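Visitor: need a structure here:
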Amino acid sequence: MSTPTHSAGFRRHGATALQCLAVAALCYGTGRLGVLTQMVSLRVTPVWPPVGVALAGLLLFGLRVWPGVLLGAFLNSLSRWPWGPVLLLAPLGDTLSVICSYTLLRRVGFRRELDRLRDPLALLLLGVVGTLISATVGVGTLLLADVLRGSFWSTWSVWLAGDTMGVLLVTPFLLVAASARRPRDVLLSRWLEGAALALAAFLVGIVMARGSSLLFLGFPLLIYAAFRFQRAGAAPCALVVSTFVTVAAAHRTGPFNGHDVSRNMMTLTLFNGAVSLTALLLAAAITERNRTQEEITALCARLSGVVTKLEGDENGHRLPPRDGP
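Guide: Next comes the predicted model:
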């Protein structure tokens, strides 16, 4: 007969196993989508979503789901390269890079709500530290396995940029989605505004992917999304806009037509980085401002209550006037 302690432990381990499988499945699924945007040989892409998924999984569920990260990385390697050392070492490099980024973020007190200005900056700086491991191990393994086609540094730069963009674009979106709750007492006009913003993000993304002179159109939309909806609007809009532009870069259409891979890669990396940082930093700054304003309003209300109570006590202790001389 199982004791309550054994039953609780079994449920806990079962939940962890399900979380690991969910992380692995999502890493593999987004990896299959990521290879569609490859810009160099061997399916090395400028945006690699599985790294963002893996980091979000660790931030949401804890370090215990690292086997799911490793399994997802192995499945992605199995579908991208022929059998060899790369199938063993590259997944290890991806897993170690995510664990490194997670550990550093925890050390600096990163909050997955992304409601402080320091959190997007930490995600950028410490996420890059982790991706250095995955890019170096991955491309080094391709070189040792004698399957590298092209320059080491060009492939390394694309790998590094792809992992970094995965962290900056996919991780915030998943963190915001995981913390989303159905708002209560929201006016219909607010829902219509949100639907219009989503439609505008898709339309602007399509337009931006058609010409280099139109790349700037996404930034007013990101600013509006950050002001009106903070993280819930800024992170999805940034992901949608960057997706359309990344697909255009992979197919060398629109602003990426007629240019070599190096120039397109640099343009795309700078654009995606600017989009992500603009959305996240502005949303965090506005969230901090709103929280400070709410705290000041609450403090003023408490002070007003204290003053009212003191005035009432003073009036209660005041002696009544006498009738005669």
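Visitor: Can you show me the helices along this protein?
Guide: 4-34, 49-61, 66-80, 86-107, 118-144, 152-165, 171-179, 188-208, 218-229, 231-250, 261-317 (DSSP state H).
Visitor: Look at the closest residue to residue 30 other than its chain neighbours and report its pLDDT.
Guide: Sequence neighbours aside, residue 49 is the residue nearest to residue 30 in space, at 3.7 Å (criterion: CB to CB, 6 or more residues apart in numbering). Bear in mind the C-beta positions are built from the backbone N, C-alpha and C, glycine included. Residue 49 is assigned a pLDDT of 90 by the prediction.
Visitor: Look up how far residue 173 lies from residue 49.
Guide: With the distance defined as CB to CB, to the nearest Å, residue 49 ends up 10 Å from residue 173.
Visitor: Low-confidence ranges, the stretch 101-250 of the chain, go.
Guide: 149-150, 183, 211-213 (pLDDT under 70).
Visitor: mind listing what the closest residue to residue 209 other than its chain neighbours touches?
Guide: Take residue 209 and drop its neighbours on the chain: the residue closest to it by CB to CB, 6+ apart is residue 248, 3.8 Å away. Under the criterion of CB atoms under 8 Å, 6 or more residues apart in numbering, the neighbours of residue 248 are 209-210, 254-256.
Visitor: Give me the buried subset of these.
Guide: 209, 254-256 (16 or more other CB atoms under 10 Å).
Visitor: Would you mind confirming that residue 159 is in contact with residue 141?
Guide: No. Applying CB atoms under 8 Å, one finds residue 159 not in contact with residue 141, separated by 11.0 Å.
Visitor: And the two? Which one has more around it.
Guide: The neighbour comparison of residue 159 against residue 141 (other CB atoms under 10 Å) goes to residue 159, with 26 against 23.
Visitor: what's the nearest residue to the more buried one if we skip its chain neighbours?
Guide: In space, and not counting its chain neighbours, residue 159 is closest to residue 135: 4.2 Å by CB to CB, 6+ apart.
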